[in-house]
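> Quick check, what structure comes out for this input:
(2 chains)
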Number of protein chains: 2
Amino acid sequence: MDFKQELKNLKGAISGELERQFSKEIAKTLKEDPIMADALVQAKKIALSGGKRIRGALLCWAYFAVGGREKKKILKAAAAIELVHLFLLAHDDIIDRGKSRHGQKTLNVFFADEKIAGKDAEHFGNSMAIIGGDMLYAMANRIIAEAGFGGDIAAKVLANLQSVVATTIIGQSQDIAIAYEKNVTEEQVLSMYRNKTARYTFEGPLHMGAKLAGCNNRKVFKAFSAYAVPLGIAFQIQDDILGVFGDAKKIGKSNASDIEEGKQSLLVVKARERGNRRQKKILGDILGKKNIGRNEIEAFRNILKETGSLDYALETARKNFKKGRRAMEKAVILPNAKEFFFGLVDYLEKRNV
Amino acid sequence: MDFKQELKNLKGAISGELERQFSKEIAKTLKEDPIMADALVQAKKIALSGGKRIRGALLCWAYFAVGGREKKKILKAAAAIELVHLFLLAHDDIIDRGKSRHGQKTLNVFFADEKIAGKDAEHFGNSMAIIGGDMLYAMANRIIAEAGFGGDIAAKVLANLQSVVATTIIGQSQDIAIAYEKNVTEEQVLSMYRNKTARYTFEGPLHMGAKLAGCNNRKVFKAFSAYAVPLGIAFQIQDDILGVFGDAKKIGKSNASDIEEGKQSLLVVKARERGNRRQKKILGDILGKKNIGRNEIEAFRNILKETGSLDYALETARKNFKKGRRAMEKAVILPNAKEFFFGLVDYLEKRNV
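Residues are numbered from 1 along each chain as shown, chains lettered A, B, ... in the order given. Okay, the predicted model is just below:
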């Protein structure tokens, strides 16, 4: 299997389905309220301007892995899981004061319009992004309920999805709380990564995909979890590294944004743990500061390098990728799916975006 | 049927189910994250401190009306619809800067804690209320998926619920936009009432209840809609009247809050339409002003009375109650349910809370 080609094809198909679902919903909404229709137009723009569709692709291949064959239906569910992602991002962007996604304005910024709301522009932007996100979640649930998998499967998968969302929210809550804490531990950060990323981006879609194919085999779910959780942790650590050291254009956000936001990543926690007084002072001064420049980003990067924090994070990611690979070796699923899941580990390990 | 006694019994049973569901979720969440558990504890407190459980009661009686008999299961669905309500209120309270519900702190105020977040307290409060609301929505969906109605029914009802939520959000979006507009029309306000209240509080629960009993009879759904929509509009108009003229202690919020929030109710729109220059000026000066006192509330009330706006609103509510009653006369459903639905119109028409 040419993994990249397969991911590209799948991405195209999922994006096509997303486009169809958005267009239908926008037409319906436009009859009632042009502003909410605008929110959906902007959400569609964000959705179609980027994203790797990893969640959707995992869901599809977990479905194929246990014998699922109805591609049209599974693409609907894949589009739904991507909508759940957009819903969570819309709310995340309010919380983290995010300004852009894939080069497009976030919903909160898109609606922070002084012409409509004057001094209250930021509040208006946040308000629209709250209910815009809610709308995307409702869309996602409805698509799964109506995708034609049969009631028993749909109900089971919807129950699963709600648990995944609940776990992600708990991870998000841990993330919010951590941002206001001073002495965050590695354990706290990893627990947050597990809830906020690993279960949500990797384990959830895999379990849902297998359930959509009618799979009841507990061993399959266990194997998917053993693969998904380390992969998700590695993915999140990489994300943090790319956020500070990556190519801002490719990632679609500035290298300053994680730092300005005061993000308590494994990188930061480790640098604080290992840094001397001077290094900790510089770290503390820059982290969470607004409108930082190139020199400050560079100084911040140097601390992460000097303290060995960057190496530690890279090594932790590497170990977790290996763990995921090993778990997949033991999984009893169809061989072409296995090939896809191995290909994903290689692809993620080498990514720079 | 003693309507009040029946509503009271049902309210007790639904509240009991809500309490059970919250306790389970809190215990589960506590293992992962004490802060999100706190959010659920506060949401539970709000839920159990008041509320008429109209949505839950309507859902139960629509289920009974077409032959549904499994009381234990339908109470779970009723608790779920009340959780959807709590989810929407949590987000509404951020948007409207609401401070209290049933005498309890709203989630956004509960978490706006300077000890944790310093100057960022308000943002922290809003952030926790956003994801706290999301959590309640996920809970509601999961409860319906797992209530034991069978997959086909659960999937159909969940799809219905998502449409109801989407409609409510559109109403909410209309509401937000209206708040920033200057010349709002009666038609705009009534369309918002239809989406935000009538479909959501009355029609949605009735349709879902009938579907949960396996009903497919289009005439039943049409009759429920014909009853629900005018009833919902009348209910919302009453709510606006009570917000300004009602007993603040009974309602659980100050008579100033709707005015301070700048709420563009039918009352306000009509007073603006009918008022002379002086009256319009007073109205404009007070509406949306913060920290108003007794004199300003009294002046505001006088404008609503002098312009005939209060009478117009009372009359519009009365007409819509009548319309709802007539629609119910024609409905072909079980007689004791019909009795309940008539009782509800009488009860709502006389309410002062």
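> Surely residue A:271 and residue A:301 touch.
No: Residue A:271 lies out of contact with residue A:301 (Cβ atoms under 8 Å); the separation is 10.4 Å. In short, each C-beta sits where N, CA and C put it, glycine included.
> more neighbours, those two?
More crowded of residue A:271 and residue A:301, by other Cβ atoms under 10 Å in any protein chain shown: residue A:271, with 26 against 16.
> could you say what helices and strands the host helix or strand of the more buried one packs with?
Following DSSP states H and E, one finds residue A:271 within helix A:266-274. With contacts taken as 3 or more Cβ pairs under 8 Å, 6 or more residues apart in numbering or on different chains; DSSP states H and E, helix A:266-274 sits against helix A:186-193, helix A:218-245, helix A:277-286, helix A:294-306, helix A:309-330.
> from the ones you listed, which stretch is densest packed?
helix A:218-245 (a mean of 21; mean count of other Cβ atoms under 10 Å in any protein chain shown).
> What angle do helix A:309-330 and that one make with each other?
160 degrees (axes from the mean of the first three to the mean of the last three Cα atoms, to 10 degrees).
> close to chain B, is helix A:218-245?
No: on the criterion Cβ under 8 Å from any Cβ of the partner chain, helix A:218-245 is out of touch with chain B, staying 14.5 Å away.
> tell me how far that helix is from the chain's mean position?
11 Å (Cα atoms, centre = their mean, to the nearest Å).
> Quick check: what element follows that helix along the chain?
helix A:248-251.
> ok so, going back, please compute how far the helix holding residue A:271 lies from its chain's middle.
The answer for helix A:266-274 is 23 Å, by Cα atoms, centre = their mean.
> Let me know the angle separating it from helix A:277-286.
Counting by the same axes, to 10 degrees, helix A:266-274 lies at 140 degrees to helix A:277-286.
> Check which residues of the lowest-mean-pLDDT helix or strand in chain A are buried.
Ranked by mean pLDDT, DSSP states H and E, the weakest helix or strand in chain A is helix A:114-117, scoring a mean of 78. For helix A:114-117, burial by neighbour count (16 or more other Cβ atoms under 10 Å in any protein chain shown) applies to A:116-117.
> And the contacts of it?
Applying Cβ atoms under 8 Å, 6 or more residues apart in numbering or on different chains, the contact partners of helix A:114-117 are A:121, A:123-125, B:177, B:180.
> I'd like the next helix or strand past that helix.
From helix A:114-117 onward toward the C-terminus, using DSSP H and E, the following helix or strand is helix A:121-145.
> What is the following helix or strand past that next one packed up against?
Once the chain leaves helix A:121-145, the next helix or strand it forms, by DSSP H and E, is helix A:151-179. If contacts are counted by 3+ Cβ pairs under 8 Å, 6+ apart, helix A:151-179 sits against helix A:71-95, helix A:121-145, helix A:186-193, helix A:204-212, helix B:34-48, helix B:121-146, helix B:151-179.
> Would you mind getting the angle between the longest one and helix B:71-95?
What that stands for is helix B:151-179. 20 degrees.
> count of neighbours near the closest residue to residue A:107 other than its chain neighbours?
Counting by Cβ to Cβ, 6 or more residues apart in numbering or on different chains, residue A:107 lies nearest to residue A:129, which is 3.9 Å off, once chain neighbours are set aside. Counted with other Cβ under 10 Å, the neighbours of residue A:129 add up to 28.
> didn't residue A:129 look like it was pressed against residue A:90?
Yes: because the distance of 5.3 Å satisfies Cβ under 8 Å, residue A:129 is recorded as touching residue A:90.
> Need the overlap of contacts for those two.
A:106-108.
> among those, who's most crowded?
residue A:107 (31 neighbours).
> how about the residues of the stretch 251-353 of chain A that lie near chain B?
Counting by Cβ under 8 Å from any Cβ, no residue of the stretch 251-353 of chain A is near chain B.
> so where's the stretch 251-353 of chain A shaky on pLDDT?
Scanning the stretch 251-353 of chain A for pLDDT under 70 picks out nothing.
> mind running it again at 90?
Where the stretch 251-353 of chain A drops to pLDDT under 90, the residues are A:251-254, A:257, A:261-262, A:351-353.
> Equivalent analysis for the stretch 51-200 of chain A, please.
In the stretch 51-200 of chain A (pLDDT under 90), the answer is A:51, A:96, A:98-100, A:102-103, A:113-120, A:172, A:174-183, A:195-196.
> hmm, try it at 80
A:114-117, A:179-180, A:182 (pLDDT under 80).
> for stretch A:232-246, the distance to its chain's centre please.
12 Å.
> who's in contact with that stretch?
Applying Cβ under 8 Å, 6+ apart, the contact partners of stretch A:232-246 are A:190, A:193-194, A:196-203, A:251, A:253, A:255, A:257-259, A:263, A:265-267, A:297, A:300-301, A:304, A:310, A:313-314, A:316-321, A:324, A:348-349, A:351-353.
> Please look at residue A:291 and residue A:260 and confirm they touch.
Yes: contact status for residue A:291 versus residue A:260: in contact at 7.4 Å, counting by Cβ under 8 Å.
> Thank you, goodbye.
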